[in-house]
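Engineer: requesting a structural model of the entry that follows:
(chains A and B)
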Amino acid sequence: MATTAISIQSVTKNFGRFEALSDVSFDIDEGEFFTLLGPSGCGKTTLLRILAGFEETTSGQIQLFGEDIAHQPANKRPINTVFQHYSLFPHLNIHENVQFGLKMRGVNKRQRQARADEMLEMVQLDQFADRKPHQLSGGQQQRVALARALAPKPQLLLLDEPLSALDLKLRQSMRLELKKIQEQTGITFVFVTHDQEEALTMSDRIAVISSGRLQQIGTPTQIYERPMNRFVADFIGETNFLEVSVLEQKADSAVVSFSSDATDTPTPAKTVEVPYDHKIFMGPKGILSVRPERIHLTPFNEKDQAGFFHGEIKQAIYMGTDTQYVVELTWGQQLLTRHQNTVATPYTFSKKDRVSIGFDANATRLLRR
Amino acid sequence: MLEKLSNMPDRHLRKALLTPSLTMIGLFLIIPIAIVAVYSFLKPGTYGGVVWDFSTHAYRQFLFEEDFLTLKLQFSTAYLEIFFRSFTQALTATVLCFIMGFPTAYFIATRSEKTQSLWLFAVTIPYWVNLLIRTVSMLFIIRDQGPINAFLLNLGLIEDPIKMAYTPFAVALGLFYSYLPFMVLPLYTALSRFDMSLLTAAHDLYASRWAALRHVLIPNVKNGIISGCLLVFIPSIGAFIAPDLLGGGKQLMIGNLIALQFQGSRNWPFGAAVSMILLTMVLLVLIIFTIRSKHRDATGE
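Structural biologist: Predicted structure coming up:
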C-alpha cells in the first residue's frame, strides 16, 4: 500500500455566501500524477490554492504526509506551484529564477547553482541559463517555471493549468515531457485542468469536480468507462444519452426499455440488459450513456430489423482517422457515432442513408436521469 | 493642418512636432543658464547688476573668506555648511517621501482600476492650492500657539509647547509635504505595471513577506523608486519657500542663499556662481544614477 502524500478531509471553502468547495475529501498517494478536472469555476483552482497555502479553508483538514498544514503559510509548506502564466521573475535570469526557492531556503550558493544546473539540464534549457525570461518562448518559459518549482525538491508539486497558454503541438509534446519528468523525479504531481484529454492522457488518477463538489475519483479508464453520474459521463469525452425505464433490477445488471420510443410498443429487441455497479432506481428515471465509438451502424433492412432502433444519417464528417456520423432516430433524437477508418471498414454511409443502430450492452452505462 | 502632418515623412514630422518644445527649452532654459554661467565669472556692480570684467572671485568666495584687514583669503566652511544642510534636508525629505509614498502608491496600485484614478486625483488635490499658502498654513499648524501644541497642552501631556516651527524638522516636513506627489506618482506608475502574482510566486518559493518585498517587488520597481527620489531630491535641494518660511530664515538653504545675493546683498556674480555649483551637483547626481543603471542593465543581460 502506497504512502498517502496528501490527505484532504471534508474541506469546505466559502467566499462570502458563495460555496466554492463543499465537503471535499480524498487522498493522493506518494508519486502519483493526480489530476483535478472540471469546467472553469468548478472550484478546482480554489482547491489548488488551498493546497498551496494561498487560501485558507473555511473548514476541514489537510495533511501532508501526516502533518496538518491547513494553517501553515505558503512559504512554510514544502509544496511548490507551476503557475498558469508562469510568473517568472522578470528581473532575474533563468538560472537565478531556478535558484530562487533554494536561495530563500538559505541553501548556499554553490549547492543551489549545482541544483539549478541540474534542473535546467533536465528541461533542456541549460544553454539559456543567462537569458532573461522575456527572451524565451512560451514553451521555454513554461519549462523554466517547472524547473524553478522542482528545484527545492517539494513534497508536492502543484500545476495550475500549465499547458493552457501553449499552442496545440507544443501542448501535446509538453504532456509527454511532464509525464516523463514526473516519473523521473518521483514527486507527487497535482495537476489542474479543464481539458479532459489532457487529464486522460497524463493522469494516474483523476478527480472530477463540478460546482464545488467531488463528482468522481478514479483512474482514466474508470472515469471514462464507468462514469458515476450524468455530469461525469458528459464532461469526459463525448457521449449519447438515451432515456430509459428500468424494468427489472438484478444483482449486477438491470433490464431497461427505451422509453422515448413511445410510439412503438416495447418488443423483446427493444429491452436490453445492462450492467450497473452503483445505486439506480426503478422506473422511468434512467438514462443510458453510449459512447459514439461504441455504436455500430449497419444498413437498414426491413426484414431482419437488426439493432435496437433505426434512423437516418444527417451528417457524415470525414475526420482522417475516423468518420463521424450524426444519426437522427425515428423519434427525432440525434445520435453521434464515430467509426475508425480502417481498410476493413465494412460500410461507409452518406447523408440520407437509412441505418440500423446497435451497440454492445456491456459498453453502455446506466445512470440516473 | 492634420492632413498635412500625416502626409509628411516621419523624419520631418518629428522635427515639426519637436520644434515648439525645443524653442521653449532654448529660450527659457538654455539662454538663461548661459547668462547665469557668464555672470558668475564677472564682478559685482555696486548697486546690483554686474561689471563686465572677468573674474573667478565669485567662486573663490564660496570656499574662502577675505580677511578684512589683510585682504588675504582664508578657507571658510560657512557656505559649505549651507550646502551640506541643503543636502541633508533634501535627503531627509526624500526618505520621508519614500517611507510615506511607497505604501500610498502600493495601496493605490492594488485598488480596482476604477478607484485608482480617484485615489490619484486625491493625491493631486493639494496642488490646487498655491504652495506659499500651503506652507504658511503648515506654519500655523506647527507653531507654538498652533492646534497641535494647544491640543497637547490642554490634554496636559506637555507643559511647554513643543518647538516645531523654525527648526530643521519643520523645513524637512515642509519639503516632504511639498513634494510627496512627485514620489507617489512615479512609484504608482511602476507598481501598477508590476505583476502582483509574482509576489504569490515568491511566497510559494519560501520567501517571507519581507523577502518577497526585498527580492522581487523592489528590484522590479527600481526605476520608479529612482525617478521618484530624483523628482523629490532635486527640487528639495534648491527649495526656497519652505526653508524661508518654516525655517524662519535661520535654516538657510542654497535656494535662500542664492535669493539673498540677488536681493539684499546685491552680489549677482556670487549668486550666479552658487547657482552654477548647485546645477553642477544636481547634474553629477543624475549622471551617477544614469551610469549606474546603465551599468546594471549591461551586466544584467
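
Engineer: from the stretch 1-150 of chain B, which residue is nearest to chain A?
Structural biologist: Closest residue of the stretch 1-150 of chain B to chain A, Cβ to the nearest Cβ: B:Thr110 (15.8 Å). Where you see a C-beta, it was placed from the backbone N, CA and C, and this is true even at glycine.

Engineer: report the contact partners of that residue.
Structural biologist: B:191, B:196 (Cβ atoms under 8 Å, 6 or more residues apart in numbering or on different chains).

Engineer: do the same with A:Leu242
Structural biologist: A:258, A:260, A:287-288, A:290, A:333.

Engineer: now the residues you listed: which count as buried?
Structural biologist: By neighbour count, with 16 or more other Cβ atoms under 10 Å in any protein chain shown, the contacts of A:Leu242 hold A:258, A:260, A:287-288, A:290, A:333 as buried.

Engineer: let me know the secondary structure of A:Lys352.
Structural biologist: Classification of A:Lys352 using DSSP: H, G, I helix; E, B strand; the rest coil returns coil.

Engineer: that one reaches A:Glu312, doesn't it?
Structural biologist: Yes - look at A:Lys352 against A:Glu312 with Cβ atoms under 8 Å: they come within range, at 6.2 Å.

Engineer: neighbour count for those two, which is higher?
Structural biologist: A:Glu312 (16 against 9; other Cβ atoms under 10 Å in any protein chain shown).

Engineer: the stretch 1-150 of chain B against chain A: which residues are in contact?
Structural biologist: Contacts of the stretch 1-150 of chain B with chain A, taken as Cβ under 8 Å from any Cβ of the partner chain, are absent.

Engineer: could you pull out the helices for the stretch 1-150 of chain B?
Structural biologist: B:2-7, B:10-25, B:31-39, B:57-63, B:78-109, B:113-124, B:131-142, B:147-155 (DSSP state H, counting those that start in this stretch).

Engineer: let me have those helices in JSON lines, extended by mean neighbour count and mean pLDDT.
Structural biologist: Shown next, in JSON lines, are the helices of the stretch 1-150 of chain B (neighbours: other Cβ atoms under 10 Å in any protein chain shown; pLDDT from 0 to 100):
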{"stretch": "helix B:2-7", "mean neighbour count": "8", "mean pLDDT": "59"}
{"stretch": "helix B:10-25", "mean neighbour count": "11", "mean pLDDT": "87"}
{"stretch": "helix B:31-39", "mean neighbour count": "14", "mean pLDDT": "92"}
{"stretch": "helix B:57-63", "mean neighbour count": "18", "mean pLDDT": "87"}
{"stretch": "helix B:78-109", "mean neighbour count": "19", "mean pLDDT": "93"}
{"stretch": "helix B:113-124", "mean neighbour count": "12", "mean pLDDT": "91"}
{"stretch": "helix B:131-142", "mean neighbour count": "15", "mean pLDDT": "90"}
{"stretch": "helix B:147-155", "mean neighbour count": "13", "mean pLDDT": "89"}
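
Engineer: got JSON lines for those helices, with distance to A:Ala147 too?
Structural biologist: Listed next are these as JSON lines, based on distance: least, Cβ to Cβ, whole Å:
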{"stretch": "helix B:2-7", "distance to A:Ala147": "49"}
{"stretch": "helix B:10-25", "distance to A:Ala147": "44"}
{"stretch": "helix B:31-39", "distance to A:Ala147": "54"}
{"stretch": "helix B:57-63", "distance to A:Ala147": "59"}
{"stretch": "helix B:78-109", "distance to A:Ala147": "30"}
{"stretch": "helix B:113-124", "distance to A:Ala147": "34"}
{"stretch": "helix B:131-142", "distance to A:Ala147": "54"}
{"stretch": "helix B:147-155", "distance to A:Ala147": "57"}
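
Engineer: chain B: which of the contacts of A:Leu242 is nearest?
Structural biologist: Nearest member of these to chain B, counting by Cβ to the nearest Cβ, is A:Ile287, at 42.3 Å.
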